[in-house]
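>>> Give me coordinates for this.
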Amino acid sequence: MSTAPGPLPETAPRRLNPLEVAFEPGGGRLGAVCTVAQLFEVRERSLMSGIDKRPADGPVTLLTHGVLGDVQGDREHHGGIFKAVYAYSREVREAYASALGHELPDGFFGENLATVGQDTDHTVIGERWRIGGAELEATCPRNPCGTFAAWMGDRRWGRAFTDQGRAGAYFRVLVEGEVRAGDAIEVLERPDHGVTIADAFRGLDAAQARALLDWAEASGTVLYETLVGAAQKTLARAGEREDFPERLRSTGRGLGLGLGL
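Model (predicted):
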């Protein structure tokens with residue numbers, strides 16, 4: 001595995017200007033597949049985190065419950081079927097590196113998949129990818145936590161990260177298989193509701209909330225519980241009542257049909 005400089009010292013800027021991101025032309029591919037190199041102690045949270053990820057030299061197996069060899073220190077908020085794999089665009093992370101004046105190599109944001117030429121934030125919820133021998137489905141954005149802030153050396157990092165609106169995408173694994181750096185990203189299906197990972201991260205409007213829930217019900221797609229709750233709150237504020245089927249919402253933890261409650 002390669003070396004990594006982190007965690008960052010407590011010298012990062014408190015506020016960042018909007019990032020300028022340019023994506024490589026052509027089809028998307030994996031720039032790196034990253035796994036846990038060593039555990040990172042988060043003293044204020046009394047846990048050991050697997051955020052310190054670095055590129056693997058060979059193939060890595062993506063399993064239904066996560067990446068083989070991956071570790072989550074906080075299983076209440078991380079891991080599970082709907083957060084089995086985390087993908088982040090290399091171009092966006094490098095824009096952060098430029099803004100911060102620090103090296104942020106592949107895996108530094110805790111991502112399993114560092115994509116190239118593929119904007120993970122513009123991925124539509126429910127979008128399906130084939131990479132190597134695996135098939136994935138986009139589920140929800142990543143919300144910055146205290147561990148991420150500690151790793152970045154900035155207690156207010158969550159606010160800076162949220163302000164940029166660049167969350168990266170979580171995926172569930174539909175077909176288990178091996179992936180490796182250089183594998184092409186083939187988009188198998190893109191739902192026509194149009195609600196993206198970035199939309200969900202920034203907050204849905206009523207039209208987006210309605211489109212997402214209607215699509216899930218029509219297609220029989222199980223959505224991540226927090227995403228359903230946010231959509232329902234948006235509709236309630238708009239004066240709409242939404243009775244969404246319980247069978248189509250899940251935390252992705254526990255037992256039962258690979259999804260759990």
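>>> When you work out contacts or count neighbours from here on, use the C-alpha atoms and nothing else.
OK.
>>> got any ranges where the protein has weak pLDDT?
Along the chain, segments meeting pLDDT under 70 span 1-6, 10-14, 71-79, 254-261.
>>> do that again at 80, thanks
Per-residue confidence for the chain (pLDDT under 80) gives these ranges: 1-15, 44-46, 69-79, 242, 253-261.
>>> residue boundaries of the helices in it?
Assigned helices in the chain, in chain order: 90-100, 146-152, 157-164, 197-202, 206-219, 225-237 (criterion: DSSP state H).
>>> Could I get the ones you listed in JSON lines, plus columns for distance to P191?
JSON lines is the format used below for these (distance: least, Cα to Cα, whole Å):
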{"stretch": "helix 90-100", "distance to P191": "24"}
{"stretch": "helix 146-152", "distance to P191": "31"}
{"stretch": "helix 157-164", "distance to P191": "25"}
{"stretch": "helix 197-202", "distance to P191": "13"}
{"stretch": "helix 206-219", "distance to P191": "8"}
{"stretch": "helix 225-237", "distance to P191": "16"}
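>>> Out of those, flag the one nearest P9.
helix 146-152 (7.3 Å; Cα to Cα).
>>> ok, back up a step: rebuild the helices of the chain as TSV, extending it with mean neighbour count and distance to V179.
Converted to TSV, the helices of the chain look like this (neighbours: other Cα atoms under 10 Å; distance: least, Cα to Cα, whole Å):
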stretch	mean neighbour count	distance to V179
helix 90-100	19	17
helix 146-152	21	25
helix 157-164	16	28
helix 197-202	21	22
helix 206-219	17	28
helix 225-237	17	28
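>>> which stretch among these comes nearest I51?
Among the helices of the chain, the nearest to I51 by Cα to Cα is helix 146-152 (7.6 Å).
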